[in-house]
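Asks: got a predicted model here, sequence first, then my questions.
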Amino acid sequence: MKHFVPRTSLAGCVLAASLLLLTACTSSSNDDHPGKSPASTAPSPARTAAGSSELRLTRLAQAALASARMGKMVEAGTERVSDGVHTVPSLRRGTAYRLSLVCVGRGSARLTVSPGRREEAVPCDRSVVRQRITAEDEKIDVNGTAGASGMIAWQIDAI
């Protein structure tokens, strides 16, 4: 005598086993400690406020930079003043470029294009600081001064 299991019964068993495994695998690690509440996935109010402040400062810096655009954009970015800007741009020899920076926030930052250039102040007051650069300029560094905060938007345009 042959026994045969209908396909729908087999599919039901597979589904039930899958749900059982899924439930077992996703149990919280806090199940062992009933006195502890699970970690919240919602951002804290302080983190949300800082994020919205950074977003607002980023938009202000990018808007100021966009109004000062000169030529075709090659590279650009936005960084926290506390992180600074540290880049080695990919520039073509024989082409002139203009580096434009805007800092929005408090304090100031220092721009250094190396090798062999002196530092230039970048105030965090929405003013645009520009410097002509070439392919021989290997590295661009912008570092916030002590106590400075905010966002820096930078852009390199081929002119």
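Replies: Done, it's in.

Asks: so where's this protein shaky on pLDDT?
Replies: Low-confidence regions of the chain, defined here as pLDDT under 70, cover residues 1-50.

Asks: what does the longest helix anywhere in the chain contact?
Replies: Scanning the chain for the helix with the most residues, using DSSP state H, yields helix 45-67. The set of residues external to helix 45-67 that reach it, using CB atoms under 8 Å, 6 or more residues apart in numbering, is 43, 76, 78, 80, 100-105, 126, 128, 150-155. Bear in mind the C-beta positions are built from the backbone N, C-alpha and C, glycine included.

Asks: ditto for stretch 121-129
Replies: Around stretch 121-129, the neighbours that count as contacts under CB under 8 Å, 6+ apart are 60-61, 64-65, 68, 81, 100-111, 120, 142, 148-150, 152.

Asks: in strands, which of those residues appear?
Replies: Counted as lying in strands by DSSP state E, out of the contacts of stretch 121-129, are 100-111, 120, 142, 149-150, 152.

Asks: surely Leu99 meets Ala158?
Replies: No. With contacts defined as CB atoms under 8 Å, Leu99 does not count as touching Ala158, sitting 11.3 Å away.

Asks: with neighbour numbers in mind, choose between those two.
Replies: When neighbours are counted by other CB atoms under 10 Å, Leu99 comes out ahead of the other of Leu99 and Ala158, with 23 against 14.

Asks: let me see the contact set for the more buried one.
Replies: 113, 130-133, 140, 154-156.

Asks: swap in 6 Å and give it another go.
Replies: 131, 133, 156 (CB atoms under 6 Å, 6 or more residues apart in numbering).

Asks: what distance do you get for Asp141 to Gly84?
Replies: When CB to CB, to the nearest Å is the yardstick, Asp141 and Gly84 sit 7 Å from each other.

Asks: check Arg93 too.
Replies: 27 Å.
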